[in-house]
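Novice: Here is a sequence together with a model predicted from it:
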Amino acid sequence: MTDQPNAAMAEFWNGKGGKNWVSREVRLESSLKVFGQQAIDAGGISPGERILDIGFGCGETSIELAQKVGLKGQVHGVDISVAMVQAAEKKAREKAVANVSFECADAQTRTFPVDYYDLVFSRFGVMFFDDPISAFNNLYASLKPGGRLVFICWASRDQNAWVGLPLQVVAQHLGLPPAPASDEPGPFSLSDVTRVNGILSAAGFADISIESFQTSFVLGEDVDEALSFLMQLAPSGSAINNADADQETRARIALDMAELLKSYADDENVSMNASALLVTACKQD
Ligand SMILES: C[S@@+](CC[C@H](N)C(=O)[O-])C[C@H]1O[C@@H](n2cnc3c(N)ncnc32)[C@H](O)[C@@H]1O
């Protein structure tokens with residue numbers, strides 16, 4: 001680990017985090033699409049615009065945004081993970097999308113062109129900064145006067161059954177550390193509306209709006225797929241991995257987790273309640 005900003009998150013997303021995400025790309029994309037759609041709809045995107053997509057993962061939102069702005073527009077994605085950049089570039093080539101580019105960089109510190117973008121966008125990619133005011137101020141500088149910020153991030157753990165219920169199962173088998181502080185970089189670091197307002201105001205943004213968005217989070221098409229997702233990814237998977245649980249313990253957790261999942265399965269999929277925040281703001285003219 002170094003003193004570099006975001007060193008821990010860079011290590012995570014270039015290690016296990018990125019590897020697991022890329023290997024479950026299809027499942028994640030299908031589960032997260034509904035959230036991204038909210039943000040895209042709130043973006044008020046017009047043909048010809050320039051968009052910066054932060055923490056783009058496997059590039060799906062960047063590609064969709066590029067198709068929306070058309071060939072006179074441009075989308076640039078920035079992600080801290082090499083594996084994500086490679087996955088996104090492959091996808092853009094396969095789909096023959098020419099007006100999208102991807103870069104491996106830290107959005108908190110990367111020097112962007114000033115007053116350049118019409119929209120800074122993110123689907124679940126802006127919760128990992130160790131200095132969020134500085135990161136959002138950096139993104140603010142990249143926007144044209146009047147430019148917009150739109151992102152979707154998770155509401156609190158308590159409002160996300162797909163996080164809390166599986167973690168309760170894990171806690172029956174492993175001594176879990178206390179939940180991280182609410183301002184620690186991670187999936188829930190922007191779940192407090194007052195904190196988000198404070199960060200964005202301090203970063204210079206105006207007209208800040210934060211709305212709650214509730215829906216179901218699809219964990220898998222069936223119990224097996226949902227189980228594999230919760231055992232390896234999601235906060236439950238991270239808790240199991242961080243505790244370095246042995247095979248026997250993992251097997252016992254999996255049995256109980258499968259029981260839980262059965263009660264959330266129907267003919268179509270296995271899903272649990274989820275809650276996110278849709279955040280919009282702009283740079284003053
Ligand atoms: C939860 S994933 C979301 C990925 C994608 N937006 C999606 O919705 O599928 C978070 C992403 O943010 C990226 N990320 C984390 N910290 C970052 C930083 N400081 N700068 C740029 N990207 C970052 C990670 O590498 C990862 O791809």
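Specialist: Looks like it came in fine. Numbering: from 1, shown residues only.
Novice: switch to C-alpha atoms for all contacts and neighbour counts from now on
Specialist: Will do.
Novice: who's in contact with the longest helix belonging to the chain?
Specialist: Of all the segments assigned as helix in the chain under DSSP state H, the longest by residue count is helix 25-42. Judged by Cα atoms under 8 Å, 6 or more residues apart in numbering, the contacts made with helix 25-42 from elsewhere in the structure are 21, 58, 60-61, 65, 121-123, 150-152, 217-220, 276, 278, 280.
Novice: at 6 Å what do you get?
Specialist: With Cα atoms under 6 Å, 6 or more residues apart in numbering as the test, helix 25-42 has contacts from R123, V218.
Novice: any idea of the mean pLDDT in it?
Specialist: Taken as a whole, helix 25-42 has a mean pLDDT of 96.
Novice: Against which helices or strands is the next helix or strand after that helix packed?
Specialist: Counting by DSSP states H and E, the next helix or strand C-terminal to helix 25-42 is strand 50-54. The elements that strand 50-54 packs onto, with contact taken as 3 or more Cα pairs under 6 Å, 6 or more residues apart in numbering; DSSP states H and E, are strand 74-79, strand 117-123.
Novice: anything in the helix or strand that comes right after strand 50-54 near the ligand?
Specialist: Per DSSP H and E, the first helix or strand lying C-terminal to strand 50-54 is helix 60-69. No - with Cα under 6 Å from any ligand atom as the criterion, the ligand is not reached by helix 60-69; the gap is at least 7.1 Å.
Novice: the inter-axis angle of helix 60-69 versus strand 50-54?
Specialist: Using axes from the mean of the first three to the mean of the last three Cα atoms, to 10 degrees, one finds that helix 60-69 and strand 50-54 are set 170 degrees apart in direction.
Novice: Please export the C-alpha coordinates of helix 60-69 as PDB.
Specialist: The C-alpha coordinates for helix 60-69 follow below in PDB (Å, rounded to 0.1, in the frame of the first residue of the first chain):
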ATOM      1  CA  GLU A  60     -22.000  -0.600 -20.700                       C
ATOM      2  CA  THR A  61     -23.200   2.900 -19.700                       C
ATOM      3  CA  SER A  62     -20.500   4.700 -21.600                       C
ATOM      4  CA  ILE A  63     -21.500   2.800 -24.800                       C
ATOM      5  CA  GLU A  64     -25.200   3.500 -24.300                       C
ATOM      6  CA  LEU A  65     -24.400   7.200 -23.700                       C
ATOM      7  CA  ALA A  66     -22.200   7.300 -26.800                       C
ATOM      8  CA  GLN A  67     -25.100   5.900 -28.800                       C
ATOM      9  CA  LYS A  68     -27.300   8.600 -27.400                       C
ATOM     10  CA  VAL A  69     -25.000  11.600 -28.200                       C
END
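Novice: So what touches it?
Specialist: Counting by Cα under 6 Å, 6+ apart, helix 60-69 makes contact with S46, P47, G48, E49, V75, V100, all of which sit outside it.
Novice: show me what contacts the first one?
Specialist: This means S46. Remark: with contacts taken as Cα under 6 Å, 6+ apart, S46 is in contact with V69.
Novice: re the thing from before, buried set for the longest helix of the chain?
Specialist: With burial defined by 16 or more other Cα atoms under 10 Å, the residues of helix 25-42 counted as buried are E25, R27, L28, E29, S31, F35, G36, Q38, A39, I40.
Novice: For PyMOL, what selects the buried ones among the contacts of helix 60-69?
Specialist: In PyMOL, the members of the contacts of helix 60-69 classed as buried (16+ other Cα under 10 Å) are selected with the following command:
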select buried, resi 49+75+100
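Novice: Of the contacts of helix 60-69, just say which sits nearest to the ligand.
Specialist: For the ligand, the nearest member of these is V75. The distance, counting by Cα to the nearest ligand atom, is 13.8 Å.
Novice: quick one: that closest one and I51 touch, right?
Specialist: Yes - V75 is within contact range of I51, at 4.7 Å (criterion: Cα atoms under 6 Å).
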